[in-house]
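Peer 1: predicted model, plus sequence, below.
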Amino acid sequence: MSGKLPLDIYKGVIYLPQGPKISSTELGTLWTTYQEKTMIMRMLEYFIEKADDEKAKTIQSNLYDHISAYVEKIKQLFESEGAAIPVGFTSQDVNIEAPKLYDNGFDILFLRLIKSISMGLHTLHLSMAYREDLVTMYKELTSITQSCYNECTQYLLEKGLLTRPPYVSMPTSVEFVQNNNYLSGRNPFVTDRALNTVETGHVFYAIESNIVGMQMITGFGQCANDKEVQQYFAKGVELSKSVITEFSEMLLQSGIPAPATPGGNATRSTAAPFSDKLMMYCTSLFCSFALGKNSLGTAFSLRSDIPAKGTIFSKDIFEYAKEGAKIMIKNGWMEEPPQMEERNELLS
């Protein structure tokens with residue numbers, strides 16, 4: 001696999017800057033990063049093997065090279081601190097010989113969405129880092145992620161696999177809100193105002209991401225080995241459908257076409273390329289991301305019906321994620337993050 005590697009990697013040796021001991025917060029962010037990156041590596045190994053488009057394969061291969069270098073860097077950080085290296089996801093969690101589970105650009109649609117999640121995680125982790133080498137690492141990861149996200153976006157647009165958000169007439173003057181009716185939504189006594197561009201952006205993105213998420217868990221559901229896991233994914237498909245339907249209706253009421261992804265469908269294969277453990281973790285990650293995006297969309301929406309819908313969906317997503325966590329714990333798939341000392345027990 002090709003691609004430009006980070007500057008601090010030369011002839012297989014990773015040079016780690018010296019600094020103070022890693023704090024508890026930094027240990028937690030490194031652990032989280034390791035889990036996410038090893039999951040992405042396993043999925044890329046499969047998607048690269050099945051890629052039938054050279055440009056898509058190059059985008060994924062370059063990212064794989066970058067990620068694998070940082071996974072090794074994190075391993076060395078754990079070792080230098082005397083901490084156990086997490087298990088994360090290994091070769092046992094992927095079967096590259098499995099038939100193609102998705103078709104027509106799903107690999108890049110998925111990669112674009114997972115890079116959107118990664119951008120948020122790296123920014124959060126950067127704000128929680130104090131050691132200079134870790135700050136630098138998260139800056140580098142952010143840069144790599146932003147570049148890959150843009151490559152995915154441009155690729156999908158070129159292939160006609162991504163719907164652009166709607167255009168709008170440019171404002172010719174600045175307006176201020178005149179009365180409280182601007183805050184109304186779904187009020188039988190007040191005509192709903194059209195969505196503003198900020199609200200449209202968040203609603204549009206919610207639909208777009210749920211379409212890809214629905215395609216993903218549709219494939220997961222048809223190849224999962226555990227019956228309970230299959231049923232869990234089927235429930236997730238219905239949850240995504242409800243989000244897509246509700247928000248699409250909101251756009252249409254404002255005369256705005258809803259996004260549609262003309263690719264990325266699951267094939268008829270029922271052979272699992274990924275372990276149930278990996279697929280459950282990936283779904284959990286998407287749920288966490290959806291909860292965060294719902295909160296952000298709610299915070300920036302002034303029409304009252306949007307936060308109301310977002311709150312309902314957040315509750316449903318939280319309950320769904322909680323159910324998934326119970327399944328993971330039951331099957332021994334949930335790796336425990338590094339724990340703080342049990343002071344009460346030590347003092348007793």
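Peer 2: Received, thanks. Numbers count the residues shown, from 1 in each chain.
Peer 1: make sure Asn265 is actually in contact with Lys100.
Peer 2: No - at 11.3 Å, Asn265 does not count as touching Lys100 under the criterion of C-beta atoms under 8 Å. (Each C-beta comes from the backbone N, C-alpha and C, glycine too.)
Peer 1: higher neighbour count, the two?
Peer 2: Using other C-beta atoms under 10 Å as the criterion, Asn265 and Lys100 rank with Lys100 on top: 18 against 14.
Peer 1: who's in contact with the more buried one?
Peer 2: By C-beta atoms under 8 Å, 6 or more residues apart in numbering, the residues touching Lys100 are 50, 267, 269.
Peer 1: mind doing that once more with 10 Å?
Peer 2: 46-47, 49-52, 106-107, 266-267, 269, 271, 273 (C-beta atoms under 10 Å, 6 or more residues apart in numbering).
Peer 1: which helix or strand contains it?
Peer 2: Following DSSP states H and E, there is no helix or strand that holds Lys100.
Peer 1: roughly how far apart are it and Asn150?
Peer 2: Noted for Lys100: a distance of 26 Å to Asn150, by C-beta to C-beta, to the nearest Å.
Peer 1: now, which of the contacts of Lys100 sits nearest Lys293?
Peer 2: When those are ranked by distance to Lys293 (C-beta to C-beta), Phe106 comes first, at 20.7 Å.
Peer 1: hmm, the closest one is touching Gly213, no?
Peer 2: No - with contact defined as C-beta atoms under 10 Å, Phe106 does not count as touching Gly213 (11.6 Å).
Peer 1: now for Asn265 and Lys100: what residues contact both?
Peer 2: Phe106.
Peer 1: just the pLDDT for Pro307.
Peer 2: You'll see Pro307 listed with a pLDDT of 87.
Peer 1: what's the answer for Gln230, then?
Peer 2: The predicted local confidence for Gln230 is 97.
Peer 1: in stretch 76-84, what's buried?
Peer 2: 77-78 (16 or more other C-beta atoms under 10 Å).
Peer 1: run the chain-centre distance for it.
Peer 2: 27 Å (C-alpha atoms, centre = their mean, to the nearest Å).
Peer 1: then stretch 137-144?
Peer 2: The answer for stretch 137-144 is 16 Å, by C-alpha atoms, centre = their mean.
Peer 1: now do the buried residues in that stretch.
Peer 2: So for stretch 137-144, counting by 16+ other C-beta under 10 Å, buried means 137-138, 140-142, 144.
Peer 1: narrow those to those in helices?
Peer 2: Among those, DSSP state H puts 137-138, 140-142, 144 in helices.
Peer 1: and for Val71, the neighbour number?
Peer 2: Neighbours around Val71, by other C-beta under 10 Å: 16.
Peer 1: list the contacts of the closest residue in space to it that isn't next to it in sequence.
Peer 2: In space, and not counting its chain neighbours, Val71 is closest to Lys37: 5.2 Å by C-beta to C-beta, 6 or more residues apart in numbering. Contacts of Lys37 were listed using C-beta under 10 Å, 6+ apart, and they are 66-68, 70-71, 74, 88-89, 118, 141.
Peer 1: quick one: Lys37 and Pro99, what's the gap?
Peer 2: From Lys37 to Pro99 the distance is 26 Å (C-beta to C-beta).
Peer 1: do the same with Ser147
Peer 2: From Ser147 over to Pro99 the distance is 31 Å, taken as C-beta to C-beta.
Peer 1: same check on Asn196?
Peer 2: For Asn196 relative to Pro99 (C-beta to C-beta), the value is 46 Å.
Peer 1: equivalent analysis for Val174, please.
Peer 2: 57 Å.
Peer 1: which of these two has more neighbours?
Peer 2: Shown here are Val174 and Pro99; by other C-beta under 10 Å, Pro99 has more neighbours (13 against 5).
Peer 1: was I right about that one contacting Gln222?
Peer 2: No - counting by C-beta under 10 Å, Pro99 stays clear of Gln222, with 11.8 Å between them.
Peer 1: which residues are in contact with both of these two?
Peer 2: 267-271.
Peer 1: can I get the buried part of those as one ChimeraX selection?
Peer 2: In ChimeraX, this line selects whichever of these come out buried by 16+ other C-beta under 10 Å:
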select :269
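Peer 1: quick check: pLDDT value at Pro188.
Peer 2: 48.
Peer 1: tell me which stretches of the stretch 1-150 of the chain form strands.
Peer 2: 9-10, 13-14 (DSSP state E, counting those that start in this stretch).
Peer 1: pick out the shakiest of those strands, pLDDT-wise.
Peer 2: Across the strands of the stretch 1-150 of the chain, strand 9-10 gives the lowest mean pLDDT, at a mean of 40.
Peer 1: show me how the chain divides into domains.
Peer 2: 23-158, 191-330 (automatic domain parsing).
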